[in-house]
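# Requesting a structural model of the entry that follows:
(one chain, ligands or ions: 1)
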Amino acid sequence: MKINMDIIKCKDEDEIGRRAASLVAETIHREPHCILGLATGSTPVGMYKNLVKLYEQGTLDFSKVRSFNLDEYYPIQPEDPQSYRYFMNENLFDHINIDPANTYVPHGNSENPEMVCEAYDLMIQAAGGIDLQVLGIGNNGHIAFNEPSDHFPAGTHVVDLQESTIKANARFFDSEQDVPRQAISMGIGSILRAKRIILLASGEAKAEAVKACIEGPITPLCPASALQLHPDVTVFVDEAAAKLLSK
Ligand code: F6R
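Below is the predicted model of the structure:
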């Protein structure tokens, strides 16, 4: 089978964090005005730590970088510690010299989320599009909050979270009841418009989703399989997440 994506097998999560951060850093060195697409969740935390380290060492300058996050819970206040805005401030933005006005996360507290979605796609387009999109992958093959379904959503949209995602994300909340039931998420179309994509996956729980994403049929039942349609995807996987891959 011909595999379109560049697969980088890493020993563990630490190596994924280091190597993904150096790829992001190379992009910023090459294009100081670049637009980054960013993800939350456990997977990119190591990458963010390494980016902060490079900034502290004086080798990385974020002053001209702009960023768009993939998603945000709905409804949620930005100052809520469970919000993705809060997560990004805590894990990256508060520790580097990015201009906070240049960091975009969908507003989870608007009374008109549909308008937030429409405006978000227009802002990405007006900024010139995403140069490098960072993705994690859900155990069910979701990317951003594009859940398995009968179609690939095109643009940023409001999503009803699936039971499996609510359960998987409950670990960050006091209880499963506290997990918001909806989210605002970039669509598969928005993600595929990025010039370059990196997907990070670690741990055995991701092994089936990683296999379906890379080697399975292109189907909205595994939203990440749409990445096979993109010409420039690099996947960083650790041994556990790669264990079902044929090569
Ligand atoms: C988060 C996001 C999600 C996560 C995915 C994996 O912005 O878009 O698709 O990437 O749920 O989450 P972790 O890394 O916590 O396993």
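
# Show me which residues of the protein are close to the ligand?
With the criterion set to C-beta under 6 Å from any ligand atom, the chain comes near the ligand through 39-43, 70-71, 136-138, 142-144. Where you see a C-beta, it was placed from the backbone N, CA and C, and this is true even at glycine.

# and stretch 174-190, how far out from the chain's middle?
A distance of 13 Å separates the centroid of the chain from that of stretch 174-190, by C-alpha atoms, centre = their mean, to the nearest Å.

# list the buried ones in that stretch?
For stretch 174-190, the neighbour count (16 or more other C-beta atoms under 10 Å) marks 179-180, 182-188, 190 as buried.

# Sitting in strands, which of the residues you listed do you find?
182-185 (DSSP state E).

# Need the buried ones from the residues of the chain next to the ligand selected in ChimeraX.
With 16+ other C-beta under 10 Å as the criterion, this ChimeraX line picks the buried residues out of the residues of the chain next to the ligand:
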select :39,40,41,43,70,71,136,137,138,142,143,144
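
# Could you dump the residues of the chain next to the ligand into CSV and include secondary structure and pLDDT?
Below are the residues of the chain next to the ligand laid out as CSV (DSSP: H, G, I helix; E, B strand; the rest coil; pLDDT from 0 to 100):
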residue, secondary structure, pLDDT
Ala39, coil, 98
Thr40, coil, 97
Gly41, coil, 94
Ser42, coil, 95
Thr43, coil, 96
Leu70, coil, 98
Asp71, strand, 98
Gly136, coil, 98
Ile137, coil, 98
Gly138, coil, 94
His142, coil, 95
Ile143, strand, 98
Ala144, coil, 97
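
# Take the residues of the chain next to the ligand and write them to a markdown table, including distance to Leu229.
Putting the residues of the chain next to the ligand into a markdown table (distance: C-beta to C-beta, whole Å) gives the following:
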| residue | distance to Leu229 |
| --- | --- |
| Ala39 | 19 |
| Thr40 | 24 |
| Gly41 | 23 |
| Ser42 | 27 |
| Thr43 | 22 |
| Leu70 | 18 |
| Asp71 | 20 |
| Gly136 | 19 |
| Ile137 | 16 |
| Gly138 | 19 |
| His142 | 17 |
| Ile143 | 13 |
| Ala144 | 16 |
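
# from the residues of the chain next to the ligand, which is closest to Gln228?
Ile143 (12.3 Å; C-beta to C-beta).

# contact partners of the longest helix that the chain contains?
When the chain is parsed with DSSP state H, its longest helix is helix 13-30. Contacts to helix 13-30, defined as C-beta atoms under 8 Å, 6 or more residues apart in numbering, come from residues 8, 10, 34, 36, 43-51, 53-54, 59-62, 65, 131-132, 134, 196, 198, 200, 202-203, 234, 236-238.

# Out of these, which end up buried?
8, 10, 34, 36, 43-44, 46-51, 54, 60, 62, 65, 131-132, 134, 196, 198, 200, 202-203, 234, 236-238.

# can you map out the helices along the protein?
13-30, 45-56, 84-91, 113-126, 163-169, 188-192, 207-215.

# now the helix or strand of the chain with the lowest mean pLDDT: how far from the chain's centre is it?
The helix or strand of the chain with the poorest confidence is helix 163-169; it has a mean of 89 (mean pLDDT, DSSP states H and E). From the chain centre to the centre of helix 163-169 is a distance of 17 Å (C-alpha atoms, centre = their mean).

# Format the CA atom coordinates belonging to that helix as CSV.
Provided in CSV are the C-alpha atoms of helix 163-169 (Å, rounded to 0.1, in the frame of the first residue of the first chain):
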residue,chain,number,x,y,z
GLU,A,163,-20.2,10.0,24.5
SER,A,164,-16.7,8.5,24.0
THR,A,165,-15.1,12.0,23.8
ILE,A,166,-17.0,13.2,26.9
LYS,A,167,-15.7,10.1,28.7
ALA,A,168,-12.1,10.6,27.4
ASN,A,169,-12.0,14.3,28.4
